[in-house]
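Student: Sequence and predicted model, in that order:
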Amino acid sequence: MKAQRHKNKGGRNVIQGRGVMPGRADGFALVSTRPFMFAHGVDPGTGKIIDVRSDLLDETMKGKVLVFAFGKGSTTGSAWLLETIRQANGPAAIVNIETEPIIVTALILANRLYDVEIPLVDRIDVQAMQLLETDTLLRVDGDAGTITLLGGHSL
Amino acid sequence: MSRETCLHLNDKDRAFLDGHFGPAEKLAMEVVVDVGRAFEAERLIPITSAHILGHYGSLHDAGIELLERLAADGGACRVPTTVDPSSVDFARANAFRVSSDYVSRQDRLRRAVERLGVTPSWSCIPYHSMNVPRFGQNIAWAESSAVVYANSVIGARTNRTPFGLDICAAITGRIPYSGLYRKKNRVATILFDVQVQQLSDLDYHTLGAIVGSRSGSAVPAIRGIPTSVTNDQLKTFGAAAASSGSVALFHIMGVTPEARLQGRFSGCESMQRMVVTRDDLQEMERRISTADPAAPVDMVTLGCPLLSVEELKQVFARMGGRQVRKDIHFWIYLSQETYDLAVPMGLIGALEAAGIWFSTGTCATISPVKVWGFSHVMTNSAKCALVVPSEHNVRISYRDIDTCILTATEAI
């Protein structure tokens, strides 16, 4: 399934990917150009990124649309993300080029245990990824599999 | 769209979902099914074993809540299941300055895990004993270093099962048929040509870090590794590859079982090919270290992954009557099983007398070492070096085992 970009009826800029986890959320983008690690990489008590090798070191993911191509690191990553969400410091949504079970399992458990819905869209192409810059306001729709650029940069 | 794809469930799967086997089994199957739908699996398959995570340092209170809920609701593992190391060595918690609050949280995890029927192995090397899969078996293991070993060295089949899905797979005995359970996804798609003579023990860690950081989501094939490579070297290679990237399976030509199978290397000549030279190893070695080499070291640690008896014998041979310096902590991590073997061998007594501290069922990466306030840690483990700096706010020197021992000890 190839991701496509097109303008919708409202004239806004929309990136089409695959909806992996349902729900809809708006937030400012926080974009990492490196593989992202939740295990030992986020402080669940604040949502701050603590991976010393991350280009997002000291940024906070709380309420943001967290954008990164791929996950990496330990299979405990789901617990780190789940605890971050449990403490209400999780991201508003996640966007990947190709997601992985570590991330998805955390969002499933957040939903089942804490009734928190965090949409996840993946399979956007690399060019679309490059349009998502930090601080761009985005709307992520996990049901439709779309990312809408609400402000800042346009396509 | 994921939710439009059809995940076929059999009658028993549906009975789980309907709560026929109880509320824990229902929740566990819901999680397994949700993951299956997200990854567009067509069906679930049976597993023959599971290996789960159970350390408070990563699981946090959310992990306690999930495992306690499953245990309280009567959940029980349907397949043989072992558990990864704990964050606390209960017998030595005081000596290692673990707070009573932290101990009690790990103890809640311990009790939940035991109530769920998990074998309390507290080891990241379950494949040494207790949980040894056969070639071709489907298993659901967590712990990225154990996953990569089971897939690559043994030829069993597992994805990098995350915390949460691990226990749900153990309770249901089922896992979505996707990823590395499927033969077509086990074919190598990137080739590393290792053009280095005489790879040392440390080189295998470093090579793993190179392969992991350059493979992305590809399955790497590696050429140029001698057939004399040991299982311990493959263990450390895999641990580094898994923690520097997300490698869950590798094929080493002439060494690992599936590398011999037809088709796994198909199109080998057309694959993206990367040459690894001595220069590449040296550059990665430098990158893994974050400390100023002139700064004094206050802690040296070995045992990530946990040391085997063979590795412990190497440490003993290299100590040569030296003593641990008064200003340095030298800690070695073992499974309880390895420790119990090493005691009658005389290894533990001699090395403890030389000033080494042993700890069992945990490791430096996942225990609350932070309270010691170390600023400069030396290790021979690329995985430990890659993970510990963030978690414990320390600088790392990544050196071979001889340098670790020479740094930590002095002649008497």
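Tutor: Received it, and whenever you're ready, just let me know what you need.
Student: Could you check how many residues crowd around residue B:221?
Tutor: Burial of residue B:221 is recorded as 24 neighbouring residues (other Cβ atoms under 10 Å in any protein chain shown). Placement of C-beta: from N, CA and C, glycine included.
Student: how far out from the middle of the chain is the worst-scoring helix or strand of chain B on mean pLDDT?
Tutor: Each helix and strand of chain B was given a mean pLDDT (mean pLDDT, DSSP states H and E); the minimum falls on helix B:382-392 at a mean of 83. With Cα atoms, centre = their mean, to the nearest Å as the basis, helix B:382-392 stands 13 Å off its chain's centre.
Student: Counting by contacts, list what it packs against.
Tutor: helix B:201-215, helix B:231-244, helix B:278-288, strand B:376-379, strand B:395-398 (3 or more Cβ pairs under 8 Å, 6 or more residues apart in numbering or on different chains; DSSP states H and E).
Student: quick check: angle from that helix to helix B:231-244?
Tutor: If you take axes from the mean of the first three to the mean of the last three Cα atoms, to 10 degrees, helix B:382-392 sits at 40 degrees to helix B:231-244.
Student: List the buried residues in helix B:382-392.
Tutor: Neighbour-count burial for helix B:382-392 flags B:382-392 (criterion: 16 or more other Cβ atoms under 10 Å in any protein chain shown).
Student: what about the helices and strands packed on helix B:382-392, which gets the closest to residue B:412?
Tutor: Nearest of these to residue B:412, taken as Cβ to Cβ: strand B:376-379 at 20.8 Å.
Student: Quick check: neighbours of that closest one in the sheet, parallel or antiparallel?
Tutor: Using DSSP bridges, the strands paired with strand B:376-379 are strand B:299-302 (parallel), strand B:395-398 (parallel).
Student: could I get stretch A:131-141 in PDB with only the CA atoms?
Tutor: In PDB, the C-alpha atoms belonging to stretch A:131-141 read as follows (Å, rounded to 0.1, in the frame of the first residue of the first chain):
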ATOM      1  CA  LEU A 131       7.200  17.500   5.000                       C
ATOM      2  CA  LEU A 132       6.500  16.800   8.600                       C
ATOM      3  CA  GLU A 133       8.700  19.300  10.400                       C
ATOM      4  CA  THR A 134       8.800  19.800  14.200                       C
ATOM      5  CA  ASP A 135       6.200  22.300  15.400                       C
ATOM      6  CA  THR A 136       3.900  21.900  12.400                       C
ATOM      7  CA  LEU A 137       0.300  21.500  13.600                       C
ATOM      8  CA  LEU A 138      -1.000  18.100  12.500                       C
ATOM      9  CA  ARG A 139      -4.300  16.200  12.700                       C
ATOM     10  CA  VAL A 140      -3.800  12.400  12.800                       C
ATOM     11  CA  ASP A 141      -6.800  10.300  12.000                       C
END
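Student: rewinding a little: which residues sit against the least confident helix or strand of chain B?
Tutor: For helix B:382-392, contacts defined as Cβ atoms under 8 Å, 6 or more residues apart in numbering or on different chains pick out A:39-41, A:50-53, A:73-74, B:57, B:145, B:205-206, B:208-209, B:236, B:239-240, B:242-244, B:288-290, B:301, B:304-305, B:363-365, B:369-370, B:374, B:377, B:379, B:394-396, B:398.
Student: Please repeat the previous calculation with a cut-off of 6 Å.
Tutor: A:40, A:50-52, B:205, B:209, B:239-240, B:243-244, B:288, B:290, B:304, B:365, B:369-370, B:379, B:396, B:398 (Cβ atoms under 6 Å, 6 or more residues apart in numbering or on different chains).
Student: Can you dump the C-alpha atoms of that helix in CSV for me?
Tutor: Extracted in CSV, the C-alpha atoms of helix B:382-392 (Å, rounded to 0.1, in the frame of the first residue of the first chain):
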residue,chain,number,x,y,z
ALA,B,382,28.3,-3.0,23.5
LYS,B,383,24.7,-3.5,24.6
CYS,B,384,25.3,-2.3,28.1
ALA,B,385,27.3,0.6,26.7
LEU,B,386,24.5,1.6,24.4
VAL,B,387,21.7,1.4,27.0
VAL,B,388,23.3,2.4,30.3
PRO,B,389,24.3,6.1,29.5
SER,B,390,20.6,7.3,29.2
GLU,B,391,19.3,5.3,32.1
HIS,B,392,22.0,6.0,34.6
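Student: how far off helix B:278-288 does it point, in degrees?
Tutor: 20 degrees.
Student: thinking again about what came up before, so which of the strands paired with strand B:376-379 comes closest to residue B:221?
Tutor: The nearest among these, by Cβ to Cβ, is strand B:395-398 at 25.8 Å.
Student: next structured bit after that closest one?
Tutor: Using DSSP states H and E, the helix or strand that follows strand B:395-398 in sequence is helix B:401-408.
Student: Who are the contact partners of residue 70?
Tutor: Just so you know, I chose chain A. Applying Cβ under 6 Å, 6+ apart to residue A:70 gives the contacts residue A:35.
Student: oops, I was thinking of chain B
Tutor: residue B:24 are the contacts of residue B:70 under Cβ under 6 Å, 6+ apart.
Student: if we can go back for a sec, going by neighbour count, which of the contacts of helix B:382-392 are buried?
Tutor: A:40, A:50-52, B:205, B:209, B:239-240, B:243-244, B:288, B:290, B:304, B:365, B:369, B:379, B:396, B:398.
Student: Quick check: residues of chain A near chain B?
Tutor: By the rule Cβ under 6 Å from any Cβ of the partner chain, the part of chain A lying against chain B is A:19-20, A:40, A:44, A:50-52, A:72, A:74-76, A:78-79, A:82-83, A:86, A:101-102, A:104-105, A:108-109.
Student: what's the offset of stretch B:36-52 from the middle of its chain?
Tutor: 20 Å.
Student: What strand or helix carries the residue nearest the centre of chain B?
Tutor: In chain B, the C-alpha nearest the mean C-alpha coordinate belongs to residue B:145, at 3.0 Å (Cα atoms, centre = their mean). Take DSSP H and E as the rule and residue B:145 turns out to sit in helix B:144-149.
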